[in-house]
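1. Fold the following for me, if possible:
(chains A and B)
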Amino acid sequence: MDQVSLFGIFISALLINNIILMRFLGLCSFFGVSRQMEVSLGMSMAVIFVMTISSAVTWIFYHVFLLPLNVEFLKISTFILVIASLVQLEELFLKRHIPHLYRSLGIYLPLVTTNCAILAVAFLHVDYNYAFIQTVIYALGVSLGYTVAIMLFTGIRIRLESAPIPEPLKGYPTAFFIAALMSLAFLGFKGLFGL
Amino acid sequence: MAKLKSFTNGVLRENPVLVLVLGLCPLLAVSNTAINALGMGIATIFVLTLSSTVVSLCRKVIPEDIRIPIFVIIISTFVTIADYFMAAYFPPLHRSLGVFIPLIVVNCIILARAEAFAYRNSLIDSFLDALGMGLGFILVIVTIGIIREVLGNGTIFGSSRFIFHPALIMVFPPGAYLTIGFLMGILNWWNSRRK
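-> Now for the predicted structure:
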C-alpha cells in the first residue's frame, strides 16, 4: 500500500469508491436527513469533523495499545466505545470553546455516533494498513465524498418533491431510484487517473 | 397466542427492513449474490437473537442511565465471536463480506430491538421477537440477493445458468438501489390496494 500516493488515496475515497454510492455506508443518515439543504450541510460538516478526528484517534489506539498488547480481537468493542466517547467529548469541547460552531453542528453530533460510515473508516484503515498521515487523508476524502453525494442527492430530491410521481413510488422508492441513477453516474469515475 | 404474535410481528407486519427502514447498509452492500446475502443474514440473526436474549436476561441488573453502552458491549462481543468464527470456518465468505461483519455492531435493528423490546420483556418473548425480526431481515436480504444474482449474473446460488443475457449492472451498486426501490414500491402498491 506504500506506493499509493496521498492524492490517489484522496481521489479514490472521494469519487471512485464513494462511501455512499459505491460502498453503501452511512445510508441511514443519507436517506433520513436529506430533505433540506441546510440540514444536509450541517450533517456533512459534522461527519467531516467527527470522521477525521475519530479515524486519527482509532489509528493511535490500534497501533499504540491493541497491536503491542496482542489484543486485536478487542478491535470491534474498543473502536465503538472510543468513537462514542469521542463524540461526547467533542460535543462538550465545542459547547465550551466554539459555541457558534456548536449551535450549527450540535444536534447532528449524537446522530453521527450511529453513522456506520465513521466506524467503517476505522476498520478500513486497519484493513488497508495505512500509515497515520494516509489515514487522515483517507478519512478526509471519505467524508468529503459523503458531502458531495448528500448535497447532490438533496438537490435532486427537493426538485422532485412537487413532481407527479405515482402514489406507491412516493418517498423512499423514489429516493432509491435517484440514488441508483447517481451511483450509475459515479461508476463512470472508475479508472480515473489509472486508479 | 401472544408468544406467536411477538414472533410473526417481525417477519411480516413490522418487517425491520421494508416497513421500519432499518439496517439498510448491509442489506444493499452484500446482497450482490444470494450466498453472500444468506451469510450476512445468518450472521445478523445470530448476533440479534443472542444479544436480545442476554439483554433480557440482565435487564434487572442493567442501570437505566448507562444501558446503551452496556448494550453496545454485549452486541460487540457477539459480533467479535461471529467475525472470528466466520474467518476460521468460511474464509471466502468472510473475505467477500469484508468490513460489513464488524459493522453488524451498528446495525440499527439490533440496538433498536435491545432498547425497544428486550430491555422491557421476558426472556422467551425477547428471544422470539429477535428471531422473528432476524427472519424478516433474512427474508428480504436473500430475496434481493436472488433477484440481483439472477438478473445480473444469470445464476442462482452460484449454479444453473439461465438462458437470457444477464444485465451486469444488477450486481454493481446501482442494481441494489433499483431492486430495493422496486420492492418497496410494489409493497406500497399492494398495501394501498388491499385497503
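
2. And the lowest mean pLDDT element among the helices and strands of the chain?
-> You didn't say which chain, so I picked chain A. Lowest on mean pLDDT, DSSP states H and E among the helices and strands of chain A sits helix A:109-113, with a mean of 73.

3. um, chain B though
-> helix B:2-8 (a mean of 72).

4. Which strands or helices does that helix pack on?
-> helix B:123-153 (3 or more Cβ pairs under 8 Å, 6 or more residues apart in numbering or on different chains; DSSP states H and E). C-betas here are computed from N, CA, C, even on glycine.

5. buried ones in whichever helix or strand comes after the helix it packs on?
-> Going down the chain from helix B:123-153, the next helix or strand is helix B:173-194, by DSSP states H and E. Residues of helix B:173-194 classed as buried by neighbour count (16 or more other Cβ atoms under 10 Å in any protein chain shown): B:173-185, B:188.

6. check contacts around the residue nearest the centre of chain B.
-> Nearest to the geometric centre of chain B sits B:F137, at 3.7 Å (Cα atoms, centre = their mean). Neighbouring residues of B:F137 by Cβ atoms under 8 Å, 6 or more residues apart in numbering or on different chains: B:P16, B:V17, B:G23, B:L27, B:G41, B:T44, B:I45, B:L48, B:I109.

7. ok, these vs A:L66, which is closest?
-> Proximity of the contacts of B:F137 to A:L66 was ranked by Cβ to Cβ; the top entry is B:T44 with 25.3 Å.

8. Go ahead and confirm B:I104 touches B:L27.
-> No - checked against Cβ atoms under 8 Å, the pair B:I104 and B:L27 is beyond contact range at 11.9 Å.

9. how many other residues sit next to residue 39?
-> All of this is about chain A. When neighbours are defined as other Cβ atoms under 10 Å in any protein chain shown, A:V39 has 16 of them.

10. Wait, chain B was what I had in mind.
-> 23.

11. before we move on, what about B:K60?
-> 6.

12. How far does the host helix or strand of A:L101 sit from its chain's centre?
-> Assessed by DSSP H and E, A:L101 sits inside helix A:99-105. Centroid separation for helix A:99-105 versus its chain: 20 Å, with Cα atoms, centre = their mean, to the nearest Å.

13. Tell me, how many residues neighbour B:G145?
-> 27.

14. same check, this time on B:L48
-> Counted with other Cβ under 10 Å, B:L48 comes out at 29.

15. That one sits in which helix or strand?
-> helix B:34-57.

16. Which residue, other than its chain neighbours, is closest to residue 176?
-> Since you didn't name a chain, this refers to chain A. B:G181 (3.3 Å; Cβ to Cβ, 6 or more residues apart in numbering or on different chains).

17. Let me rephrase: I mean chain B.
-> B:L28 is the one closest to B:A176 (Cβ to Cβ, 6+ apart), at 4.1 Å.

18. Quick one: list the elements packing against the host helix or strand of the one you found.
-> When elements are assigned from DSSP H and E, B:L28 belongs to helix B:24-29. Helix B:24-29 is packed against helix A:27-33, helix B:123-153, helix B:173-194, with contacts defined by 3+ Cβ pairs under 8 Å, 6+ apart.

19. lowest-confidence stretch among those?
-> Taking the mean pLDDT of each of the helices and strands packed on helix B:24-29, the lowest value is held by helix A:27-33, a mean of 80.

20. Give the buried residues for the helix or strand just after that one.
-> Later in the chain than helix A:27-33, the nearest helix or strand by DSSP H and E is helix A:37-61. Buried residues in helix A:37-61, counted by 16+ other Cβ under 10 Å: A:39-59, A:61.

21. any idea of the mean pLDDT in stretch A:51-63?
-> Averaging pLDDT along stretch A:51-63 gives 91.

22. That one close to chain B?
-> No - using Cβ under 8 Å from any Cβ of the partner chain, stretch A:51-63 stays clear of chain B, coming no nearer than 12.2 Å.

23. what residues does that stretch touch?
-> Counting by Cβ under 8 Å, 6+ apart, A:75, A:78-79, A:82-83, A:86-87, A:90, A:117-118, A:121-122, A:125-126, A:130, A:132, A:135-136, A:138-140, A:142-143, A:146 sit against stretch A:51-63.

24. Show the buried residues in the residues you listed.
-> A:75, A:78-79, A:82-83, A:86-87, A:90, A:117-118, A:121-122, A:125-126, A:130, A:135-136, A:138-140, A:142-143, A:146.

25. Can you give me the pLDDT of the spatially closest residue to A:I20 that is not a sequence neighbour?
-> Using Cβ to Cβ, 6+ apart and skipping the chain neighbours, the partner closest in space to A:I20 is A:A149 (4.2 Å). At A:A149, the model reports a pLDDT of 92.

26. Same check on the one 4 residues further on?
-> For A:F153, the pLDDT comes out at 92.

27. isn't B:A29 right next to A:L21, touching?
-> No - in this structure B:A29 lies outside contact range of A:L21 using Cβ under 8 Å: 11.5 Å.

28. which of these two has more neighbours?
-> Legend: neighbour count by other Cβ under 10 Å for B:A29 and A:L21, higher for A:L21 (27 against 24).

29. my guess is that one contacts A:A179, does it?
-> Yes - using Cβ under 8 Å, A:L21 makes contact with A:A179 at a distance of 6.9 Å.
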